[in-house]
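Asker: Only the shape, not the letters, is given here:
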């Protein structure tokens, strides 16, 4: 694609480095910004730079935070005996949006992936072990809420071996099965098979 | 959606103002920037701001340009007797990419759309008339290359009435018909009907 202006070419080049944004989308975004008020671009550019350079992570759970301790860890009303281990900040947001969880989190920052060169030492695993082993720790349950992919399962397996030395701490994983509203006949065999083996008994 | 950080919330809010970017996509982009080198964000923010604040438009054709006259208008090798009228800068890029056009352009900056409150005076129509009426004008043909939508057709009709006083200037529109590789049976009736009425005679 040839551009009539170096300025546009640069902007399109940078925009198309974003995930899911190709050259055509990048051009559409750039032209949108050109048509809109100059303020729109200034505010966007400032918000992005401010976010990137001023962002902090919670010292305890490594969730994103504007303060040294995130709002969840600092909240005395939440159940500090339960830690939900997730790979990503997005998962924290997703679980918070359900309104069903009142414990704390631990954000690994990824999953073990030999192909992408991500090993256990690249993740917040040691800090989880340290957090659980601290004398003031009140952790009684660790929920492994990691996506059931190849890498996710590897990570969960690695974690459950690391954590099994903590006596008196229950380790659980999120329930797998047929999603609500899902049709049985379209479910894959592994999910359907597991959902029968690990059937949930109904309360009478 | 609740965010653990005001900084992220702001960035997501600004990103989701872009066309085709919802809250979820915006969050994905923001988290991508957080994971990537800080330089990525700095370069992106700078490229956007620089583009928006330093961009110029060609004094003649209103195409985007880094100089007062764009590279197409300044190019002596191009055919300055033919002006291709398009609604948008994107159309210039698209036509340039075909490599089939050697004339100049005139960018209207939109199409007449009463619903969106865009009238003829909001577009570069007067400047087109002035450009054609100038004593040094060498324009012999105006090609109306405007998308065949309701608004586009209105704009083309308005333009052809405005321009018909220029004697000796041919007005044409881009050919409409079945796209290359298109199947006749899937073409809509209007396109197919017009493609028969306005059939192109083959050279023997």
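Answerer: Thanks, I have it. As the structure is a computational prediction, the values presented were derived from the model and not from experiment.
Asker: and residue A:45, how many neighbours does it have?
Answerer: 24 (other C-beta atoms under 10 Å in any protein chain shown). The C-beta positions use only the backbone N, C-alpha and C, and glycine is treated the same way.
Asker: Kindly provide the distance from it to chain B.
Answerer: Distance, residue A:45 to chain B, using C-beta to the nearest C-beta, to the nearest Å: 4 Å.
Asker: For chain A, which segments count as helices?
Answerer: Taking DSSP state H, the helices of chain A run over residues A:6-15, A:23-35, A:38-54, A:71-74, A:89-98, A:126-133, A:150-163, A:189-197.
Asker: so can I have JSON lines of those helices showing mean pLDDT and distance to residue B:192?
Answerer: Putting the helices of chain A into JSON lines (pLDDT from 0 to 100; distance: least, C-beta to C-beta, whole Å) gives the following:
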{"stretch": "helix A:6-15", "mean pLDDT": "93", "distance to residue B:192": "37"}
{"stretch": "helix A:23-35", "mean pLDDT": "91", "distance to residue B:192": "28"}
{"stretch": "helix A:38-54", "mean pLDDT": "93", "distance to residue B:192": "42"}
{"stretch": "helix A:71-74", "mean pLDDT": "92", "distance to residue B:192": "61"}
{"stretch": "helix A:89-98", "mean pLDDT": "88", "distance to residue B:192": "48"}
{"stretch": "helix A:126-133", "mean pLDDT": "93", "distance to residue B:192": "65"}
{"stretch": "helix A:150-163", "mean pLDDT": "92", "distance to residue B:192": "50"}
{"stretch": "helix A:189-197", "mean pLDDT": "83", "distance to residue B:192": "47"}
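Asker: Return the most buried member of those helices.
Answerer: Greatest average neighbour count among the helices of chain A goes to helix A:6-15 (a mean of 21), per mean count of other C-beta atoms under 10 Å in any protein chain shown.
Asker: need the contact list for residue A:187.
Answerer: Contacts for residue A:187 were tallied using C-beta atoms under 8 Å, 6 or more residues apart in numbering or on different chains; they are A:178, A:195.
Asker: Next, give phi and psi for the residue nearest the centre of chain A.
Answerer: With distances taken as C-alpha atoms, centre = their mean, residue A:88 lies nearest the centre of chain A, 1.8 Å away. When read as degrees, to the nearest 10, the backbone of residue A:88 gives phi -140, psi 150.
Asker: The closest residue to it other than its chain neighbours: how many residues sit nearby?
Answerer: Spatial nearest neighbour of residue A:88, chain neighbours left out: residue A:107 (6.9 Å); criterion: C-beta to C-beta, 6 or more residues apart in numbering or on different chains. By other C-beta under 10 Å, the residues close to residue A:107 number 26.
Asker: Do I have it right that residue A:107 meets residue A:123?
Answerer: No - with contact defined as C-beta atoms under 8 Å, residue A:107 does not count as touching residue A:123 (9.4 Å).
Asker: Determine the longest strand present in chain A.
Answerer: Longest strand in chain A, counting residues (DSSP state E): strand A:79-86.
Asker: what mean pLDDT does that strand have?
Answerer: Mean per-residue pLDDT for strand A:79-86: 94.
Asker: So chain A: which segments form each domain?
Answerer: Split into domains by automatic domain parsing, chain A comes to A:6-53, A:57-173.
Asker: Just the endpoints, please. Distance across the shortest one?
Answerer: End-to-end distance of domain A:6-53: 27 Å, with C-alpha to C-alpha, to the nearest Å as the criterion.
Asker: didn't the residue nearest to the centre of chain A look like it was pressed against residue B:31?
Answerer: Yes - counting by C-beta under 8 Å, residue B:31 is a contact partner of residue A:88 at 7.4 Å.
Asker: Give the bridge partners for residue A:144, please.
Answerer: residue A:85, residue A:173 (DSSP bridges).
Asker: Which residues are in contact with the closest residue to residue A:89 other than its chain neighbours?
Answerer: Excluding the flanking residues, the one nearest residue A:89 by C-beta to C-beta, 6+ apart is residue A:64, at 5.3 Å. Residue A:64 sits next to A:55, A:56, A:57, A:58, A:70, A:89, B:3, B:4, B:5, B:8, B:34 when contact means C-beta under 8 Å, 6+ apart.
Asker: measure the third one to residue B:6 for me?
Answerer: Between residue A:57 and residue B:6 the computed distance is 15 Å (C-beta to C-beta, to the nearest Å).
Asker: go on, the second one?
Answerer: When distances are taken as C-beta to C-beta, residue A:56 and residue B:6 turn out to be 12 Å apart.
Asker: Overlap of the contact sets of these two?
Answerer: residue A:66.
Asker: just to revisit the earlier point, now the helices of chain A as JSON lines including distance to residue A:83?
Answerer: Output for the helices of chain A, formatted as JSON lines (distance: least, C-beta to C-beta, whole Å):
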{"stretch": "helix A:6-15", "distance to residue A:83": "38"}
{"stretch": "helix A:23-35", "distance to residue A:83": "39"}
{"stretch": "helix A:38-54", "distance to residue A:83": "27"}
{"stretch": "helix A:71-74", "distance to residue A:83": "10"}
{"stretch": "helix A:89-98", "distance to residue A:83": "12"}
{"stretch": "helix A:126-133", "distance to residue A:83": "8"}
{"stretch": "helix A:150-163", "distance to residue A:83": "10"}
{"stretch": "helix A:189-197", "distance to residue A:83": "25"}
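Asker: Quick check: residue A:137 touching residue A:129?
Answerer: No - using C-beta under 8 Å, residue A:137 is not in contact with residue A:129; the gap is 10.6 Å.
Asker: May I have the residues that are in contact with residue A:174?
Answerer: Residue A:174 neighbours (C-beta under 8 Å, 6+ apart): A:143, A:144, A:145.
Asker: ok, 10 Å please
Answerer: A:84, A:86, A:95, A:143, A:144, A:145, A:146, A:147, A:148, A:156 (C-beta atoms under 10 Å, 6 or more residues apart in numbering or on different chains).
Asker: now it: how far from residue A:73?
Answerer: For residue A:174, the distance to residue A:73 - C-beta to C-beta - is 21 Å.
Asker: got it, and residue A:127?
Answerer: 13 Å.
Asker: got it, and residue A:55?
Answerer: 16 Å.
Asker: Then residue A:108?
Answerer: Residue A:108 is 16 Å from residue A:73, by C-beta to C-beta.
Asker: Perfect, that will be all.
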